[in-house]
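J.: Okay, sequence plus prediction incoming.
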Amino acid sequence: MTFHSFLIKYGEIGIKGKNRYLFEDALVRQIRYALKNVDGEFLVHKCHGRVYVDCEGEYDYEETIESLKRVFGIVGICPVVRKPVKELGELKKDVVSYVGEMYPEGNQTFKVEARRANKRYPMNSMEINCELGEAVLDAYPQMKVDVHTPDVRVNVEIREETYIYSKIIPGPGGMPVGTNGSAMLLLSGGIDSPVAGYMIAKRGVEIEATYFHAPPYTSERAKEKVVDLARLVSAYAGPIKLHVVNFTDIQLAIYEKCPHDELTIIMRRYMMRIAEHFAKEDGCLGLITGESIGQVASQTMQSLAATNAVCTLPVYRPLIGFDKREIVEISEKIDTYETSIQPFEDCCTIFVAKHPVTKPDVGRIEKSELNLTEVIGDLMKTAIETAEVIRVEA
Ligand code: ATP
Ligand code: MG
């Protein structure tokens, strides 16, 4: 079967009034972005409070569906057969041949749901329903009408053209990216942070990212891996502005001047401060990390409190209550897992203490940080000024 269009179903909650336009416009924009690398020509448009993707000529069906499944805000994707508007006898033939091709077994229960947007059509919806239902029954005697819980709802919409569809392919849900402000993701090369970015983007939030590396202790390849991860996330989240910060001198200073069991926490606090600087510069409304309670020493409740204490923006931790297994499942689903497990060194694992504190006291950490007073201002300034900006797109 050749489909000529896709009707995009989206959630209606919270999109009344002016919000509705913002939501729909963002949805249209994100659909265009998702389809830009797909073979084929697509016209994405709003019409009578609905969003359609019209396919002009040949296109790759599977790839189109895969791409649409990555657009947040889409609840269902209906492949549509479009026909010219015809008088009843011809319309019956079109619908009967559609049903025959879609359901060759011919033993389902069904219901015809006609809608007449084109009021010039000489019959009303009820009459069309009856006529078309009868035609289908005549053609496929094994099928039965069930108006309450049919296996198949055959939708027939008469507009400038006739749209016939029955199948609904589930979309990812969520809200279109761009409808809920933006946030700064602390993106490492691990499994967790790409998943955290994905989850916040799913709620309509645009994502920026900051990555800290420590050359020459971490390699160019480790950085490439993070760029790859950002690209994979951007297939869902849209283009991502990635800040790559050289963290080496700050880490060396911490290593030299602070108690070794506090290294990770102090390092985390400087990461948060720098990420927050970029976040505020670009108007982001929050920070995002891939932390989950108790996963490692730096993610106990006390450690999280100590890291949180340096931030004034809210810190979103969408994985906070997830087990590793659950996070891995999502990373497999969104296709970041294979990249995340590539074995490249991470800046946090290089200067790590043998016995890190698991219950850091904020007061004590602040006191340790005083040892950095003389150097840290300049080091932070340099790290911020020399950060590289990479614009990543799927
Ligand atoms: P991930 O799998 O996301 O790397 P993790 O389990 O390795 O997480 P940690 O390394 O303790 O956990 O990091 C906790 C969070 O801190 C990460 O999820 C990420 O948001 C942030 N983070 C850690 N290292 C970096 C880094 N090098 N650059 C940017 N953010 C980082
Ligand atoms: Mg990590």
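T.: Thanks, I have the structure now. Numbering: from 1, shown residues only. Ligands and ions are numbered 1, 2, ... in the order given.

J.: Near ligand 1, which residues of the stretch 251-394 of the chain? Just list them.
T.: Met271, Thr289, Gly290, Glu291, Gln295, Val296, Ser298, Gln299, Asp346, Cys347, Cys348 (Cβ under 6 Å from any ligand atom). Any C-beta I mention is one placed from the backbone N, CA and C, and that applies to glycine too.

J.: and those as TSV, adding pLDDT, secondary structure and neighbour count?
T.: Shown next, in TSV, are those (pLDDT from 0 to 100; DSSP: H, G, I helix; E, B strand; the rest coil; neighbours: other Cβ atoms under 10 Å):
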residue	pLDDT	secondary structure	neighbour count
Met271	98	helix	24
Thr289	98	coil	28
Gly290	98	coil	25
Glu291	97	coil	24
Gln295	87	coil	17
Val296	84	coil	13
Ser298	85	helix	21
Gln299	91	helix	23
Asp346	78	coil	18
Cys347	72	helix	25
Cys348	68	helix	21
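
J.: List just the nearest of those residues to Pro172.
T.: Gly290 (19.6 Å; Cβ to Cβ).

J.: Quick check: chain neighbours aside, which residue is closest to that closest one?
T.: Asp192 (3.0 Å; Cβ to Cβ, 6 or more residues apart in numbering).

J.: which SS class is the spatially closest residue to Arg391 that is not a sequence neighbour?
T.: Once flanking residues are discounted, Arg391 sits nearest to Lys241: 5.8 Å by Cβ to Cβ, 6+ apart. Assigned by DSSP: H, G, I helix; E, B strand; the rest coil, the conformation of Lys241 is strand.

J.: Might you calculate how far the strand or helix carrying Lys381 sits from the centre of the chain?
T.: Secondary structure assigned from DSSP states H and E places Lys381 in helix 373-385. Centroid displacement of helix 373-385 relative to its chain, using Cα atoms, centre = their mean, to the nearest Å, is 35 Å.

J.: Give the other helices and strands that that helix contacts.
T.: Counting by 3 or more Cβ pairs under 8 Å, 6 or more residues apart in numbering; DSSP states H and E, the packing neighbours recorded for helix 373-385 are strand 240-246, helix 248-257, helix 263-281.

J.: run the last query once more with 7 Å
T.: Packed against helix 373-385 by the contact rule (3 or more Cβ pairs under 7 Å, 6 or more residues apart in numbering; DSSP states H and E) you find helix 248-257, helix 263-281.

J.: The residue nearest to Gly290 and Gln299, how far apart?
T.: Asp192 is 10 Å from Gln299, where distance means Cβ to Cβ, to the nearest Å.

J.: what do the two both touch?
T.: Here Asp192 and Gln299 share the contacting residues Ser292, scored by Cβ atoms under 7 Å, 6 or more residues apart in numbering.

J.: Just the pLDDT for Asn19.
T.: Predicted confidence (pLDDT) for Asn19: 82.

J.: Residue numbers of the stretch 51-200 of the chain in contact with ligand 2?
T.: Taking Cβ under 5 Å from the ion as the criterion, the stretch 51-200 of the chain approaches ligand 2 at residues Ser188, Gly190.

J.: Going along the chain, name the helices of the stretch 51-200 of the chain.
T.: Assignment of helices within the stretch 51-200 of the chain using DSSP state H, counting those that start in this stretch yields the ranges 61-68, 88-102, 125-139, 192-201.

J.: how about JSON lines for these, with mean neighbour count and mean pLDDT added?
T.: Below are those laid out as JSON lines (neighbours: other Cβ atoms under 10 Å; pLDDT from 0 to 100):
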{"stretch": "helix 61-68", "mean neighbour count": "16", "mean pLDDT": "97"}
{"stretch": "helix 88-102", "mean neighbour count": "17", "mean pLDDT": "97"}
{"stretch": "helix 125-139", "mean neighbour count": "17", "mean pLDDT": "96"}
{"stretch": "helix 192-201", "mean neighbour count": "26", "mean pLDDT": "98"}
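
J.: To Thr386, which of those helices lies closest?
T.: Using Cβ to Cβ, the nearest of the helices of the stretch 51-200 of the chain to Thr386 is helix 192-201, at 22.4 Å.

J.: Report the angle between the next helix or strand after that closest one and helix 373-385.
T.: Using DSSP H and E, the helix or strand that follows helix 192-201 in sequence is strand 206-213. If you take axes from the mean of the first three to the mean of the last three Cα atoms, to 10 degrees, strand 206-213 sits at 130 degrees to helix 373-385.

J.: Which strands border strand 206-213, and is each parallel or antiparallel?
T.: strand 182-186 (parallel), strand 240-246 (parallel) (DSSP bridges).

J.: Would you check that Phe212 makes contact with Met271?
T.: Yes - counting by Cβ atoms under 7 Å, Phe212 touches Met271, with 5.5 Å between them.

J.: ok, Ser368 - contacts?
T.: Cys258, Pro259, Glu262, Ile266.

J.: re earlier: mind checking the helices of the stretch 51-200 of the chain for the one nearest to ligand 1?
T.: Nearest to ligand 1 among those is helix 192-201; the distance by Cβ to the nearest ligand atom comes to 3.3 Å.

J.: check whether that closest one contacts ligand 1.
T.: Yes - residues of helix 192-201 are located near ligand 1 by Cβ under 6 Å from any ligand atom, namely Asp192, Ser193.

J.: For that helix, which helices and strands make contact with it?
T.: strand 182-186, strand 206-213, helix 220-237, strand 287-288, helix 324-333.

J.: got a list of what the residue nearest the centre of the chain touches?
T.: Centroid-nearest residue in the chain: Tyr236, 3.7 Å away (criterion: Cα atoms, centre = their mean). Taking Cβ under 7 Å, 6+ apart, we find Tyr236 in contact with Arg70, Phe72, Tyr198, Ala201, Ile334.

J.: How about Gly76?
T.: Shown in contact with Gly76 (Cβ under 7 Å, 6+ apart): Lys9, Ile168, Ile169, Pro170, Gly171.

J.: ok, for the one residue in the stretch 101-250 of the chain that gets nearest to ligand 2, nearest residue in space, not its chain neighbours?
T.: The nearest approach of the stretch 101-250 of the chain to ligand 2 comes at Gly190, 3.4 Å away (Cβ to the ion). Counting by Cβ to Cβ, 6+ apart, Gly190 lies nearest to Ser340, which is 6.0 Å off, once chain neighbours are set aside.
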